[in-house]
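Q: Using only what follows, build the 3D model:
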Amino acid sequence: MRQFGVALLSACAFCAASHNSYPADCESPEGFAQVLRNSLSSAAAIYLPGSEEFEEVTTRWSEFSTPTVNLAVVPATENDVVETVRRANVCGLPILAFNGVHGSSTTLAQDGKTATIGGGTSSKTVTDTLWASGKQTVTGTCECVSYLGPALGGGHGWLQGHHGLVADQFVSLNIIFADGTLKTIDSSSDLWWAMKGAGHNFGIVTSVTAKVYDIEHRDWAIETLTFSGDKVEAVYEAANRYLSNLPAEITNWSWWLNEADVDPDRPIILFFIIQEGATIVDPAYVNPFRDIGPISSETKSGSYRDLATWTLIAVDSAPCQIAGRANTRFPVYVREYNVTAQREAYDIFAANVGGANSPFSGSTFLFEGYPQGGVQGIDSDSTAFAYRSDSLLIAVRLGYEPTGKELDDQAAQLGNQLRDIIHRGSGYKDLHVYVNYAYGNEKPEGWYGYERWRQARLKELKHKYDPQGHFNFYAPIE
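A: Model (predicted):
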């Protein structure tokens, strides 16, 4: 099965190779591809620019600040990744590992306590395969993303109130380092700490063995309440009062987004209260919000596998579609809602995004409130993920058809402005950022924590395991 891809980057990568005494095969993508084919398994694929397959495997969810790819490799085995990295090193070619909806099947270990998951396996595949065996584990909430991508940055999920972050489930990792060596690491490795929160920086993870659990509750319920924008203060005051310090069974999300059939001019508030182990959400959580006066309220029941559809992040939902749009996100962690900041942010968001004529009309503002017991029950110093004490993850996503630098700059200005409003309202001096949503301008301290010992430890490990900075493309440590 195709697990993930490896892209050879930079418009002038092969130009540079031809001028630095590299082998002749390094002088063009075609020459490199021919040599590489002889080293890979028969099931691996290599695609050059100009082919439909190349376009398919290199098209990104967000067409913002995209890398230039000269060659795409879709490996079929771990050794295919090893050979690709080794030969790219010989030619001095930069590489970028990526994963998405392709992946090897999740295999349940004989003890029923762990599963081995291929590097590009989607979260939906993990959930569905484990569910069929009466098991489950913490995955990212969005069905269409890979299991491992969010995990390397910590990884939030519906079950984190019980078990912690996605990264907290790691038992061992198969990782290919910059020199092309493949090793299995576990808690005995000094790198283990860094892989749980800053793992994108150290190599290509081809598979992970993770903890799995018996399904405790097959029933799940959701109450979806739709509010008009004039209810911002009332909704988030109630959220602070009734939905803080959530038990493991309760999750609260909300979206600000345009829904022309409900309000043609301003974004609405979609407010979700989700309960595990129930067919109807407990009225103690729901009634305070019904009393505010929603436009509508809808109750649904089903299983864990329905959550992504209910919350608009299933594989066929709009946010999961790859349609050549730019998608920029501006995340910030907070401990509770500042109602004044919520109102200010809503008004500016509505002024710039509301209505069909805005280039950002397809944008969203997402507020994720997860149960924190399982996350905060793990020592914060034990992983590179630094923000276990934060209760809420907030992120504006500006989606638009890319037309050039002017619109990109406009999106950056608006996104940073909205995030700054929420940050100022948080009372935090420093900006706390979920690295998996990062825009890119937040700096390593924002992604990995402001404590000097954290930054020093990450840099020391980076110099040991990737001294040449081969894996510096995503949220680099320095």
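
Q: all helices for the stretch 1-150 of the chain, in order.
A: 13-17, 29-37, 52-58, 78-91, 123-132, 148-152 (DSSP state H, counting those that start in this stretch).

Q: could you dump these to JSON lines with distance to residue 305?
A: (C-beta placed from N, C-alpha, C; glycine too.) Below are the helices of the stretch 1-150 of the chain laid out as JSON lines (distance: least, CB to CB, whole Å):
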{"stretch": "helix 13-17", "distance to residue 305": "43"}
{"stretch": "helix 29-37", "distance to residue 305": "39"}
{"stretch": "helix 52-58", "distance to residue 305": "27"}
{"stretch": "helix 78-91", "distance to residue 305": "29"}
{"stretch": "helix 123-132", "distance to residue 305": "6"}
{"stretch": "helix 148-152", "distance to residue 305": "18"}
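
Q: for these, which one ends up most surrounded?
A: Taking mean count of other CB atoms under 10 Å as the contact definition, the stretch among the helices of the stretch 1-150 of the chain with the greatest mean neighbour count is helix 148-152, which reaches a mean of 28.

Q: ok, residues contacting the helix or strand just after it?
A: For helix 148-152, the succeeding helix or strand toward the C-terminus, using DSSP states H and E, is helix 160-163. With CB atoms under 8 Å, 6 or more residues apart in numbering as the test, helix 160-163 has contacts from 137-138, 166, 169, 211, 213, 216, 246-249, 251, 370-375.

Q: Of those residues, which belong to strands?
A: Counting by DSSP state E, the members of these that fall within strands are 211, 213, 251.

Q: Quick check: closest non-adjacent residue to the second one.
A: Okay, so that is residue 213. Using CB to CB, 6 or more residues apart in numbering and skipping residues adjacent in sequence, the residue nearest residue 213 is residue 136, 6.0 Å away.

Q: Distance-wise, check that neighbour relative to residue 414.
A: 38 Å (CB to CB, to the nearest Å).

Q: can you give me phi and psi for residue 358?
A: According to degrees, to the nearest 10, the main-chain angles of residue 358 amount to phi -70, psi 140.

Q: I'd assumed residue 263 was in contact with residue 350.
A: No - in terms of CB atoms under 8 Å, residue 350 does not count as a neighbour of residue 263; the distance is 9.6 Å.

Q: Can you pick out the residue with more neighbours from those two?
A: Of the pair residue 350 and residue 263, residue 350 is the one with more neighbours under other CB atoms under 10 Å, namely 20 against 17.

Q: Contact partners for the closest residue in space to that one that isn't next to it in sequence?
A: Taking CB to CB, 6+ apart, and ignoring the residues beside it in sequence, residue 350 has residue 266 as its nearest neighbour in space, at 4.6 Å. Contacts were defined as CB under 8 Å, 6+ apart; by that measure residue 266 touches 228-229, 350, 354-355.

Q: The helix or strand harbouring residue 239 - contacts with which helices or strands?
A: Residue 239 is located in helix 232-242, with elements delineated by DSSP H and E. Other elements packing on helix 232-242 under the criterion 3 or more CB pairs under 8 Å, 6 or more residues apart in numbering; DSSP states H and E are strand 250-259, strand 263-276, helix 283-290, helix 339-353.

Q: one more time with 10 Å
A: Counting contacts by 3 or more CB pairs under 10 Å, 6 or more residues apart in numbering; DSSP states H and E, helix 232-242 packs against strand 220-227, strand 250-259, strand 263-276, helix 283-290, helix 339-353, strand 364-369.

Q: and the helices of the stretch 1-150 of the chain as CSV, adding distance to residue 426 and mean pLDDT?
A: CSV is the format used below for those (distance: least, CB to CB, whole Å; pLDDT from 0 to 100):
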stretch, distance to residue 426, mean pLDDT
helix 13-17, 42, 46
helix 29-37, 47, 82
helix 52-58, 38, 77
helix 78-91, 41, 85
helix 123-132, 29, 95
helix 148-152, 23, 94
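
Q: Which of the ones you listed sits closest to residue 199?
A: helix 148-152 (3.3 Å; CB to CB).

Q: How far does stretch 36-55 sit from its chain's centre?
A: On the basis of CA atoms, centre = their mean, to the nearest Å, the separation between the geometric centre of stretch 36-55 and that of its chain is 27 Å.

Q: Let me fix that, I meant to ask about stretch 398-412.
A: Taking CA atoms, centre = their mean, one finds the center of stretch 398-412 at 21 Å from the center of the full chain.

Q: same question, stretch 302-312
A: From the chain centre to the centre of stretch 302-312 is a distance of 18 Å (CA atoms, centre = their mean).

Q: Over to stretch 400-418?
A: Between the centre of stretch 400-418 and the centre of its host chain there is 21 Å, according to CA atoms, centre = their mean.

Q: buried ones in that stretch?
A: By neighbour count with 16 or more other CB atoms under 10 Å, stretch 400-418 contains the buried residues 400, 402, 407-408, 411-412, 414-416, 418.

Q: before we move on, back to that, so which of the helices and strands packed on helix 232-242 is nearest residue 49?
A: Nearest of those to residue 49, taken as CB to CB: strand 364-369 at 32.5 Å.

Q: which neighbours does the closest one have in its sheet, and in what orientation?
A: Taking DSSP bridges as the criterion, strand 364-369 pairs within the sheet with strand 250-259 (antiparallel), strand 392-400 (antiparallel).

Q: mind putting these in TSV, distance to residue 203 and mean pLDDT included?
A: Output for these, formatted as TSV (distance: least, CB to CB, whole Å; pLDDT from 0 to 100):
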stretch	distance to residue 203	mean pLDDT
strand 250-259	33	98
strand 392-400	27	96
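
Q: Tell me which of the ones you listed lies nearest to residue 312.
A: Each of those was checked against residue 312 via CB to CB, and the shortest separation belongs to strand 250-259, namely 6.9 Å.

Q: hmm, back to that, scan the contacts of residue 266 and report the most crowded one.
A: Ranked by neighbour count (other CB under 10 Å), the contacts of residue 266 have residue 354 at the top, with 22 neighbours.

Q: residue contacts, that residue?
A: Contacts here follow CB atoms under 10 Å, 6 or more residues apart in numbering; on that basis residue 354 touches 229, 256, 258, 263-268, 347, 360-361, 363.

Q: Please report how far the closest residue in space to residue 395 that isn't next to it in sequence lies from residue 263.
A: The shortest distance from residue 395 to any residue that is not its chain neighbour, by CB to CB, 6+ apart, is 4.0 Å, and that residue is residue 331. In this structure, residue 331 and residue 263 are 26 Å apart, going by CB to CB.
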